[in-house]
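# no sequence for this one, just the structure:
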C-alpha cells in the first residue's frame, strides 16, 4: 500500500574538495533562492523523480547545473535527516563527496573554493556534513589512490607526496610513502619522460589502469 | 521555495545479523501487506515524519514493531534509490545494519534467522542491500569490537575467537587474535572467574568500558 501520511522532502548535498595554494578547500556556491538566499552553501538540490535515475545521478545533475562540470567520481558519504535540518520541513539529504582538480573549477564563475579550516558560517546542517566529509576524506585518503586524481596526467613522486600530505593535513615520511605507492601499482613511470628543474631530472609518472577507480583501490 | 514536483517515497530497511548454530544469519520478517505480502523480507517501513526524529529512529521503531526488541546499536549502511526498486514508485531507502544476540530474537515469533548463504529469494532490491551489508560487516568485524556483542556478559577467549571466525566467515590464527584483542583493551578478565570443563579452567572475560561503542572501537 502507498503511504497515506506526508513524505519527507528528499535532496542531495555535495562536499567537493580540491587543493588550492596547498590547502584542502571545499567548493561552495551562493544560494540563488530562499531559504538562505545569497548565502554560501554546499551545492545541493531536490531529487527530481522524473529525471534522476537515483540519488547519485541527482547529485551529478546538481553539480553540472550549479558548478558546470561532470563529476567523474562521487562517493556516498552519509544520509542526514530530521524535522529541523531544513526550514522547509522534515527532510532527508543524501550527501556525496569527491576530490576534484582545481582546474575544473576555473571554468566556472559560480563557485568558490575556500579552505576547510576557514569556512564561513554555513546554512542548514551543512557544518555537520562538512565535518563528516573531512573526517571520511582524511581517513580514506591515506589508503586510497584518491588524492592522485587531483594531479594533472603527469606528475613526479614529489608532486604526489605533497598532494597526499595536503589532503590528509599531516606529514608523511617520504621514503615509506614512495615504497607504499610503488608497491600498490597505482602509478607507473612514463618511459623516457622527466621533468628538468633546478635539481636532477625527475621521473614523470601517470596513474596506472589499476588506479582508475579511486575509491576501490588501496595503497 | 518548496519543491512543486513529486517527492520520492522514503523508507528504511534493516539488515540484522546474528549467529545461529555457528553460522552468520540474517533476520527476516514475513511481509504483512502488499507488495510481496507474505514474503520473507528485510524488516523495513516508511518514515513517519510526525513520529520519527530521523531515519535512524525510524529504523529503531520498525525493529521494535516488527521484531519486538530495542536495537542498541545501528549503523547506517547505505542509501538505495531509484524508480524501480519498489513497485510503489520512485523511492529512497536508508539502510541500517547491526549484529544482535540470538537471545533477543527468541522473545518474538514474527522473525526468522536464516543463514546468509542460504537465503530465500528476497523482494525489492533487498539482495543488493544484503550483499552490501555482508561485505561491510565482514570488512568491519575484523577490526572492531562488534562481534563481541553477540556473546553473553561472560565469555572465554575461545568463545570470542569462535564468534569472530563465524562473523567473518574465515579462520583466524588463535595466537595473533588473542594478542590483538588484549592489546586493544576491549575486554578484561573477571577476577577469579573461570569456566571449568573437560580442559583446564578457562579465564572468563567481559567487555571493558572501552568497548562500549562497538562501531567506534578498533581491535
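Structure's in. What do you need? No experiment lies behind these values; they were computed from the predicted model shown.

# Residue numbers of chain A in contact with chain B?
Contact residues, chain A versus chain B (CB under 8 Å from any CB of the partner chain): A:1-3, A:5-10, A:33-34, A:46-50, A:53-55, A:76, A:78-83, A:88-90, A:92, A:94. Any C-beta I mention is one placed from the backbone N, CA and C, and that applies to glycine too.

# Which members of those residues are classed as buried?
Buried residues within those, counting neighbours by 16 or more other CB atoms under 10 Å in any protein chain shown: A:7-10, A:46-49, A:54-55, A:76, A:78-82, A:90, A:92, A:94.

# pLDDT weak spots in chain A?
Scanning chain A for pLDDT under 70 picks out A:1-4, A:106-109, A:142-143, A:212-219.

# do that again at 50, thanks
For chain A, applying pLDDT under 50 flags the ranges A:215-219.

# how many neighbours does residue A:95 have?
Using other CB atoms under 10 Å in any protein chain shown, residue A:95 has 27 neighbouring residues.

# Write down the beta-bridge partners of it, one by one.
With DSSP bridges as the criterion, residue A:95 is bridged to residue A:13, residue A:78.

# Now do the buried residues in the longest helix seen in chain A.
The residue-count maximum for a helix in chain A (DSSP state H) belongs to helix A:126-141. The neighbour-count check on helix A:126-141 (16+ other CB under 10 Å) flags A:126, A:129, A:130, A:132, A:133, A:134, A:137, A:140, A:141 as buried.

# With stretch A:33-43 instead?
For stretch A:33-43, a neighbour-count test (16+ other CB under 10 Å) marks A:36, A:39, A:40, A:41, A:42, A:43 as buried.

# can you check stretch A:194-201 too?
Residues of stretch A:194-201 include none that count as buried (16+ other CB under 10 Å).

# hang on, the earlier thing: please convert the buried residues of stretch A:33-43 to CSV, extending it with secondary structure.
Output for the buried residues of stretch A:33-43, formatted as CSV (DSSP: H, G, I helix; E, B strand; the rest coil):
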residue, secondary structure
A:36, coil
A:39, coil
A:40, strand
A:41, strand
A:42, coil
A:43, coil
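
# Closest one to chain B out of those residues, please.
Checking the buried residues of stretch A:33-43 against chain B by CB to the nearest CB gives residue A:36 as the nearest, at 11.8 Å.

# Give me the most central residue, chain A.
Central residue of chain A (CA atoms, centre = their mean): residue A:98, 2.3 Å from the mean position.

# Just list what the one helix or strand that residue maps to packs against, helices and strands only.
Applying DSSP states H and E as the criterion places residue A:98 in strand A:91-99. Applying 3 or more CB pairs under 8 Å, 6 or more residues apart in numbering or on different chains; DSSP states H and E, we find strand A:91-99 packed against strand A:9-20, helix A:55-67, strand A:75-82, helix A:126-141, strand B:91-99.

# so which of those comes closest to residue A:192?
Closest to residue A:192 of those is strand A:9-20 (CB to CB; 28.5 Å).

# Can you pick out the most distant pair from the buried residues of helix A:126-141?
That would be A:126 and A:141, which, of the buried residues of helix A:126-141, are the farthest apart (CB to CB) at 21.3 Å.

# For residue A:148, which three-state class applies?
The assignment at residue A:148 comes out as helix when based on three-state DSSP.

# distance of it from chain B?
Here residue A:148 is placed at a distance of 23 Å from chain B (CB to the nearest CB, to the nearest Å).

# After the longest helix of chain A, heading C-terminal, what element do we hit next?
Using DSSP H and E, the helix or strand that follows helix A:126-141 in sequence is helix A:157-168.

# Just list the residues touching residue A:95, thanks.
With contacts defined as CB atoms under 8 Å, 6 or more residues apart in numbering or on different chains, residue A:95 is in contact with A:12, A:13, A:14, A:15, A:76, A:77, A:78, A:79, A:80, A:129, A:132, A:133.

# Tell me how chain A divides into domains.
A:9-141, A:146-211 (automatic domain parsing).

# just those domains: most buried one?
domain A:9-141 (a mean of 19; mean count of other CB atoms under 10 Å in any protein chain shown).

# Adding distance to residue B:178, write the helices and strands packed on strand A:91-99 out as a markdown table.
Shown next, in a markdown table, are the helices and strands packed on strand A:91-99 (distance: least, CB to CB, whole Å):
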| stretch | distance to residue B:178 |
| --- | --- |
| strand A:9-20 | 41 |
| helix A:55-67 | 43 |
| strand A:75-82 | 35 |
| helix A:126-141 | 27 |
| strand B:91-99 | 21 |
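
# To residue B:26, which of those lies closest?
Comparing the helices and strands packed on strand A:91-99 by CB to CB, strand B:91-99 comes nearest, at 9.6 Å.

# Next, the angle from the closest one to strand B:9-20.
Counting by axes from the mean of the first three to the mean of the last three CA atoms, to 10 degrees, strand B:91-99 lies at 20 degrees to strand B:9-20.

# next helix or strand past strand B:91-99?
helix B:102-106.

# what's that following helix packed up against?
Where contact means 3+ CB pairs under 8 Å, 6+ apart, helix B:102-106 is packed against strand B:9-20, strand B:111-115.

# Distance of the closest residue to residue A:187 other than its chain neighbours relative to residue A:159?
Leaving aside its chain neighbours, residue A:187 sits nearest to residue A:205 (4.4 Å; criterion: CB to CB, 6 or more residues apart in numbering or on different chains). Residue A:205 sits 9 Å away from residue A:159, going by CB to CB, to the nearest Å.
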